[in-house]
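Participant: Following is a predicted model, sequence given first.
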Amino acid sequence: MKESIPHCMFKVIIFFLFFTFSATAHSQLLFEREEFAGRRDKLMEKIGNAILVIRGASMPTGYTQFYQYNDLMYLTGVELPGITLLMDGKTGEAYLFISVTEEEAKAEGFNLQLVKDPKGVTGIENIYSREELTAVLTRKISERGIVYAPFSPNELMTEVSKEKRNIILETITNEEWDGRVSEEMQFVNNLKKKFPNAVIRDCSPLIWDLRKIKSEAEIAVMREAGRVGVEAHKAVMKATGVNVTEKYLANLFEYTCQKDGASGLGYYSILMSGTNHAYGHYHTYNRTLENGDFVILDAGPDYQYYDVDISTTFPANGKFSHKQEEGYALALLVHETCLKSYRPGITLADVGRKIKEALARNGYDPDDSRFSSWYKYGGYNHSIGMAVHDGMGTFAGADEILKTGFVFACDIITKVDSVTSVRIEDTVLITEDGCEVLSKGLPRTIDEIESFMDR
């Protein structure tokens, strides 16, 4: 029987409202919720019949902005404090434990829709309060017997898990008058104490292997991070001159990044001039630029939880000296050779051999000991993603075969003299037919730099 017009319209309105609400819920996360579900599914395949539990970041103890731990953000997209994610590899189910109330969300500026409807926003079916974690975890451990948890420290903005772990071990855990362990190892120790018969395994390398290859959605964010970083580098180059302070330039870089939408910096800006070139990660900003100084800026933004790593080298007075030209031309030759060589299926050692051939063709002694590090890793320095030194569960060193979706730093460093150095660094994505420079758009040749700084 033909439906009445009012009834038809009612159904259309209900459908429209449902669709609108669903679309709104999806838009509450950085990526579509299916992106996060796919990541969780891949991780559950890795753990088999075990369970996995990861705790999120707590509220900051000082007056700073809350940011989620990278691994929790990668798997859920949920930017709320005090959450815990539990996954059951046997059933394929995920459980999210949340403690934030609507009033707290309003007061702190958290995503209110996420607190009101966490199931609708995240797509995670099993939503519990934080107070229910112990009961659910106890039941799941009794059923499965094997628990995966992170052994390595989780990362906040500007942090790198492996480096953070080493610092905690050296300065806290192994310090005679301290002895504390990381937050993650404390949780592991508590699991062992409460469930002595359970097998506890490390899930950090499993997550890092997933993070190693970037999706199209991640790449789009990193492209924007690259654009923001390039504009900030250009702003610093334009503002550089004799009698300008390093502190002003470092602050200008951070301001320009945040003005263009960055949350902050991926790492403290490295800005070196004069004798400070001797310290590879110098960030004291204690000099005023002098005529003849060669400036290195190694800096990049954190944009929606993703980083880029960019280095530029340029003369403080806008004109290269003969010695600076020689050192820069060598670094640029190697850098350009790397970018022409990167493609899927090639190893880093293969790229290194191409560098050696290029140096020989251009009149350099290919057996010069200064070049050996370039040959081994083909200009590769480190992976980049949610951390500037992104974790990788597996990495074959010089024998690493480049794959589509791998993002890393092509970082070429060489000496001008015993004091001064050159650094040319870009964030590079391996594509299906070669590579894409995510930090493209910088003046890179000597003529380009001098022309740009002269405007």
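Facilitator: Thanks, I have the structure now. Everything quoted here is computed from the prediction, not taken from an experiment.
Participant: Could I get the pLDDT score of Ser369?
Facilitator: pLDDT recorded at Ser369 is 89.
Participant: let me redo that: Met222
Facilitator: The model's pLDDT for Met222 equals 98.
Participant: Quick check: which helices or strands does the helix or strand where it lies pack against?
Facilitator: Assessed by DSSP states H and E, Met222 sits inside helix 216-239. Contact analysis of helix 216-239 by 3 or more CB pairs under 8 Å, 6 or more residues apart in numbering; DSSP states H and E lists helix 246-259, strand 294-298, strand 301-303, strand 306-307, strand 311-315, strand 421-431, helix 446-454 as its packing neighbours. In short, each C-beta sits where N, CA and C put it, glycine included.
Participant: could these go into a markdown table alongside distance to Asp209 and mean pLDDT?
Facilitator: Formatted as a markdown table, the helices and strands packed on helix 216-239 follow (distance: least, CB to CB, whole Å; pLDDT from 0 to 100):
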| stretch | distance to Asp209 | mean pLDDT |
| --- | --- | --- |
| helix 246-259 | 30 | 98 |
| strand 294-298 | 27 | 97 |
| strand 301-303 | 22 | 98 |
| strand 306-307 | 18 | 98 |
| strand 311-315 | 27 | 98 |
| strand 421-431 | 16 | 98 |
| helix 446-454 | 39 | 97 |
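Participant: Mind checking those for the one nearest to Lys356?
Facilitator: strand 421-431 (18.3 Å; CB to CB).
Participant: Tell me where the stretch 1-150 of the chain has helices.
Facilitator: 5-26, 33-47, 70-76, 102-108, 112-116, 118-122, 133-144 (DSSP state H, counting those that start in this stretch).
Participant: Pick out the shakiest of the ones you listed, pLDDT-wise.
Facilitator: helix 5-26 (a mean of 37).
Participant: related to what we said a few turns ago, next, the angle from the helix holding Met222 to strand 294-298.
Facilitator: Angle between the axes of helix 216-239 and strand 294-298 is 160 degrees (criterion: axes from the mean of the first three to the mean of the last three CA atoms, to 10 degrees).
Participant: got the buried residues for helix 216-239?
Facilitator: In terms of neighbour count (16 or more other CB atoms under 10 Å), helix 216-239 has its buried residues at 218-219, 221-237.
Participant: got a list of what Thr61 touches?
Facilitator: Thr61 makes no contacts at all, as judged by CB atoms under 8 Å, 6 or more residues apart in numbering.
Participant: Any idea how far apart the tips of stretch 248-268 sit?
Facilitator: 14 Å (CA to CA, to the nearest Å).
Participant: Quick one: distance of that stretch to the chain centre.
Facilitator: 16 Å (CA atoms, centre = their mean, to the nearest Å).
Participant: What residues sit buried inside that stretch?
Facilitator: 249-250, 252-254, 256-258, 260, 262-263, 265-267.
Participant: Need the max-distance pair from these.
Facilitator: Leu249 and Ser263 (20.9 Å).
Participant: Measure how buried the nearest residue to Ser99 once chain neighbours are set aside is and give me the count.
Facilitator: Once flanking residues are discounted, Ser99 sits nearest to Arg130: 3.6 Å by CB to CB, 6 or more residues apart in numbering. Residues contacting Arg130 under the criterion other CB atoms under 10 Å number 13.
Participant: my read: Arg130 touches Pro81, true?
Facilitator: No - using CB atoms under 8 Å, Arg130 is not in contact with Pro81; the gap is 10.2 Å.
Participant: mind listing what Phe314 touches?
Facilitator: Phe314 touches 237, 240, 294-295, 449, 453, counting by CB under 8 Å, 6+ apart.
Participant: how about a cut-off of 7 Å?
Facilitator: Neighbouring residues of Phe314 by CB atoms under 7 Å, 6 or more residues apart in numbering: 237, 240, 295, 449, 453.
Participant: how far away is it from His281?
Facilitator: Plainly put, Phe314 is 19 Å away from His281 if you go by CB to CB, to the nearest Å.
Participant: likewise Glu93?
Facilitator: Counting by CB to CB - Glu93 and His281 are separated by 44 Å.
Participant: Please apply the same query to Lys192.
Facilitator: For Lys192, the distance to His281 - CB to CB - is 37 Å.
Participant: Who has more neighbours out of these two?
Facilitator: Neighbours around Lys192 and His281, counted as other CB under 10 Å, are more numerous at Lys192. The numbers are 14 against 9.
Participant: That one contacts Val199, correct?
Facilitator: No - with contacts counted by CB atoms under 7 Å, Lys192 stays clear of Val199, the gap being 9.9 Å.
Participant: For the residue lying closest to Glu184 once chain neighbours are set aside, which residues are in contact?
Facilitator: Using CB to CB, 6+ apart and skipping residues adjacent in sequence, the residue nearest Glu184 is Pro150, 4.8 Å away. Contact partners of Pro150, counting by CB under 7 Å, 6+ apart, are 54, 71, 184, 203-204.
Participant: Kindly report the same for Gly391.
Facilitator: 161-162, 208, 211.
Participant: just the buried members of these?
Facilitator: 161-162, 208, 211.
Participant: Reformat the residues you listed as a markdown table; add secondary structure.
Facilitator: Formatted as a markdown table, the buried ones among the contacts of Gly391 follow (DSSP: H, G, I helix; E, B strand; the rest coil):
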| residue | secondary structure |
| --- | --- |
| Ser161 | helix |
| Lys162 | helix |
| Trp208 | helix |
| Arg211 | helix |
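Participant: nearest residue to Ser269 other than its sequence neighbours?
Facilitator: Ala299 (3.8 Å).
Participant: Oops, could you answer that again for Lys323 instead?
Facilitator: Val416 (5.7 Å).
Participant: shouldn't that neighbour be in contact with Val422?
Facilitator: Yes - the pair Val416 and Val422 passes the contact test of CB under 7 Å, sitting 6.1 Å apart.
Participant: who's more crowded, those two?
Facilitator: When Val416 and Val422 are compared for neighbours, Val422 comes out ahead with 24 against 20, by other CB under 10 Å.
Participant: Spit out the contact partners of the more buried one.
Facilitator: Val422 sits in contact with 313, 327-328, 331, 413-414, 416, where contact means CB under 7 Å, 6+ apart.
Participant: now, which of these sits nearest Tyr380?
Facilitator: Closest to Tyr380, out of all of the contacts of Val422 and judged by CB to CB, is Ile413, at 12.6 Å.
Participant: For the residue nearest to Lys323, give me its contacts.
Facilitator: 294, 323-324, 327, 422.
Participant: distance of it from Asn317?
Facilitator: For Val416 relative to Asn317 (CB to CB), the value is 15 Å.
Participant: go on, Ile47?
Facilitator: 58 Å.
Participant: if you count what's nearby, which of the two comes out ahead?
Facilitator: Ile47 (20 against 16).
Participant: Closest to the centroid, which residue in the chain?
Facilitator: Met386 (2.2 Å; CA atoms, centre = their mean).
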